[in-house]
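# I'd like to go over a predicted model; first the sequence, then the structure.
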Amino acid sequence: MLKKRKIIFFVLAALIVISALIYFQINNKDYINISYKKFIEYVEKGNVETVYLSNNSKIKGKLADGSYFITDNPRSESFKESLLTKGINVEETEQNAIIMNLLTLLLVLGSFGFIGYFLSKNTAKQAQKEMAYMSSIESDFSNTESITFDDVAGNDEAKESLKELVDFIKNPEKYERYGARMPRGVLLYGPPGTGKTLLAKALAGEANVPYFAVTGSDFIQVYAGLGASRIRSLFKKARQAGKCVIFIDEIDALGKKRSGNIGGGSDESDRTLNALLTEMSGFKGNEGIVVIAATNRIDTLDEALLRPGRFDRQIEVGLPDINARYKILRLHSRNKPLDKNVDLKKIAYQTVYFSGAKLENLMNESAMIAAKNNQKTIKMEHIDKAFYTVIAGEEKKDKSTISLKDKRITAYHETGHALVTKLIAPENRVTKVTIIPSTKGAGGFSMNIPPNSMYQSKEDIIKNIKISLGGRAAEEIVFGKNKITTGASNDLQKATKMALLLISRFGMEESAGLVSYETLLGDKLGTNNFIVSKTKDLLEKLYKETLEVLRDNLDLLEKIANYLICNETIGEEELNLLINH
């Protein structure tokens with residue numbers, strides 16, 4: 001095939017060269033333009049050697065001295081005969097013109113053919129290069145020797161589970177002798193920012209092996225087969241590296257449950273997932289390669305990923321408890337000049353529901369605030385300011401546009417939240433109430449910190465719903481039902497979500513029964529009339545109870561709100577004094 005292409009190429013090139021030579025030989029002459037009268041004089045004197053006749057308005061010829069001329073064509077019938085009788089050589093150029101036109105056409109077509117062939121060949125090569133480039137996965141290939149489990153605070157259970165794999169990576173032959181099959185894949189699941197990526201890096205660092213990091217979205221491609229090709233490329237690199245850790249973040253992007261298309265068809269995501277399953281099944285027991293994956297949505301993963309031989313070990317990496325938060329805060333304070341009065345235990349107690357990433361951000365924000373103020377050490381006031389910055393955003397500097405009316409509405413709204421919290425859930429701490437707007441769009445906020453607990457009871461959920469409704473209830477009591485504002489929109493979302501979970505997921509509403517409506521209805525839960533009606537009835541009942549709590553303590557509501565209007569912010573100790581005196 002290649003030899004045939006070469007022959008065609010050379011034939012085309014030869015035709016182009018020959019055509020060009022003929023064309024230039026015929027046309028590349030200097031013609032002298034003479035009058036017809038002069039031409040007749042030359043004929044009479046015998047100075048004309050050859051005349052080239054054609055149907056054009058001009059005729060060309062050659063003189064006896066070898067020069068060429070051009071003159072008008074008389075187009076008379078006896079013209080050729082009169083020239084021949086004078087002994088002049090006459091050549092008709094119509095046939096030559098046809099040949100010339102054909103050669104010119106051949107020249108043009110040949111040129112276009114050659115250019116087309118050259119471009120198509122280059123395009124094919126370029127397409128092959130692009131496909132090869134796109135098929136190769138760009139992974140974060142590094143040796144994470146500097147990161148170990150000592151750099152991971154909290155998550156003790158997850159660390160212990162992963163520590164078992166370190167010996168397996170280092171000495172896989174030992175486990176093979178005992179006939180033990182170590183996990184080929186480990187799935188880390190839990191909320192964002194809890195340290196899943198850090199744990200994978202620590203595993204590679206402890207085992208002192210290369211670390212390949214990719215994300216699930218790297219394999220989701222438009223071109224058919226490209227995602228599967230990238231999977232194969234990644235695992236090929238891993239095998240070439242020998243013992244290593246492969247980390248796939250956000251694996252739910254490529255590992256979602258397959259739809260099972262009618263007719264046996266398979267879309268691109270299914271092909272990519274199948275390639276991953278095949279590669280993981282192809283591992284040998286003694287290769288010392290471990291695949292770690294991370295997700296926030298384990299419920300969406302395909303069952304084939306979770307079976308033994310694939311991601312057969314699943315480890316939850318949850319939000320840290322108070323002890324873990326204290327360890328994380330200590331870890332992220334190692335290189336920071338903390339003031340001796342900084343109480344990390346107190347901060348750990350305040351930061352309920354903070355992830356490891358959020359705690360790191362808290363300490364970083366504190367350091368930035370201290371540096372901006374040119375302080376030698378990071379004080380508690382810097383950490384407190386950073387805490388509320390992380391929660392609600394920066395305080396707005398310009399408050400001149402806020403009217404007294406808006407301040408009063410915000411003050412009563414936030415006081416409603418705080419007072420309901422203190423009255424029905426005294427175990428919760430209200431560390432700050434403010435009516436200063438923030439950059440995250442909040443007009444103010446009431447910081448409510450519940451105690452550490454593994455579970456939430458029905459009583460806890462009901463209290464939290466009432467606390468969320470406290471702001472709207474305070475507005476209605478003070479300003480009237482027709483003057484409630486849009487400030488409670490986010491509170492209503494939270495209250496509705498909690499009420500819906502209480503009924504549909506936790507089975508805590510007696511009239512709804514011990515039924516998981518989430519399982520039965522799935523995505524249609526919010527459109528079910530029965531569930532909507534039960535949620536509405538529960539929220540109305542709890543709202544009336546919240547109104548009664550605030551009406552019974554109207555004097556406290558007025559007292560705290562007026563103090564808040566004057567001072568804009570109330571701390572925990574001030575709030576307790578206002579309530580108890």
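Received the coordinates, thanks.

# For the residue nearest to the spatial centre of the chain, give its distance to Leu254.
The centroid of the chain falls nearest to Ser217 when counting by CA atoms, centre = their mean (6.9 Å). Distance, Ser217 to Leu254, by CB to CB, to the nearest Å: 8 Å. In short, each C-beta sits where N, CA and C put it, glycine included.

# Please apply the same query to Asp299.
Look at Asp299 and Leu254: by CB to CB, they are 16 Å apart.

# Looking at those two, which is more packed in?
Remark: of Asp299 and Leu254, Leu254 carries more neighbours, 26 against 8, as counted by other CB atoms under 10 Å.

# mind listing what that one touches?
Contact analysis of Leu254 by CB atoms under 8 Å, 6 or more residues apart in numbering lists Gly216, Ser217, Phe219, Ile220, Gly227, Ser269, Thr272, Leu273, Leu276.

# So which of those are in helices?
Gly227, Ser269, Thr272, Leu273, Leu276 (DSSP state H).

# Please convert the buried members of these into ChimeraX selection syntax.
What follows is the ChimeraX syntax for the buried subset of these, where burial is set by 16 or more other CB atoms under 10 Å:
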select :227,269,272,273,276
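
# Need the worst-confidence member of the ones in helices among the contacts of Leu254.
Note: of these, the lowest pLDDT belongs to Ser269, at 70.

# what sits against it?
Applying CB under 8 Å, 6+ apart, the residues contacting Ser269 are Ile220, Gly227, Leu254, Lys256, Arg258.

# Relative to Ile147, which of these is nearest.
Distance to Ile147 across the contacts of Ser269 (CB to CB) is lowest for Leu254, with 25.8 Å.

# Would you list the phi and psi of the closest one?
Phi and psi for Leu254, reported as degrees, to the nearest 10, are phi -120, psi -10.

# any idea how far Val186 is from it?
Taking CB to CB as the measure, Leu254 falls 17 Å from Val186.

# cool, Glu160 as well?
Distance from Glu160 to Val186, counting by CB to CB: 13 Å.

# And Ala370, by the same measure?
Relative to Val186, and taking CB to CB, Ala370 is found at 39 Å.

# average pLDDT for stretch 153-161?
If you average the pLDDT over stretch 153-161, you get 83.

# just stretch 384-396 next, same as before
80.

# By mean pLDDT, which helix or strand of the chain comes out lowest?
When each helix and strand of the chain is scored by mean pLDDT, DSSP states H and E, strand 140-143 comes last, with a mean of 52.

# So what's the residue count around Glu572?
15.

# Could you find the closest non-adjacent residue to it?
Computed as CB to CB, 6 or more residues apart in numbering, the closest residue to Glu572 that is not its neighbour in sequence is Thr431, at 4.7 Å.

# what about the one you found, neighbour count?
Residues near Thr431, counting by other CB under 10 Å, number 19.

# would you turn the contacts of Leu254 into CSV with distance to Leu329?
As requested, the contacts of Leu254 are exported to CSV (distance: CB to CB, whole Å):
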residue, distance to Leu329
Gly216, 31
Ser217, 32
Phe219, 37
Ile220, 37
Gly227, 41
Ser269, 41
Thr272, 40
Leu273, 40
Leu276, 38
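
# Pick the one among the residues you listed closest to Glu173.
Among the contacts of Leu254, and counting by CB to CB, the member closest to Glu173 is Leu276, at 26.5 Å.

# just checking, that closest one touches Ile231?
Yes: Leu276 lies in contact with Ile231 (CB atoms under 8 Å); the separation is 5.2 Å.
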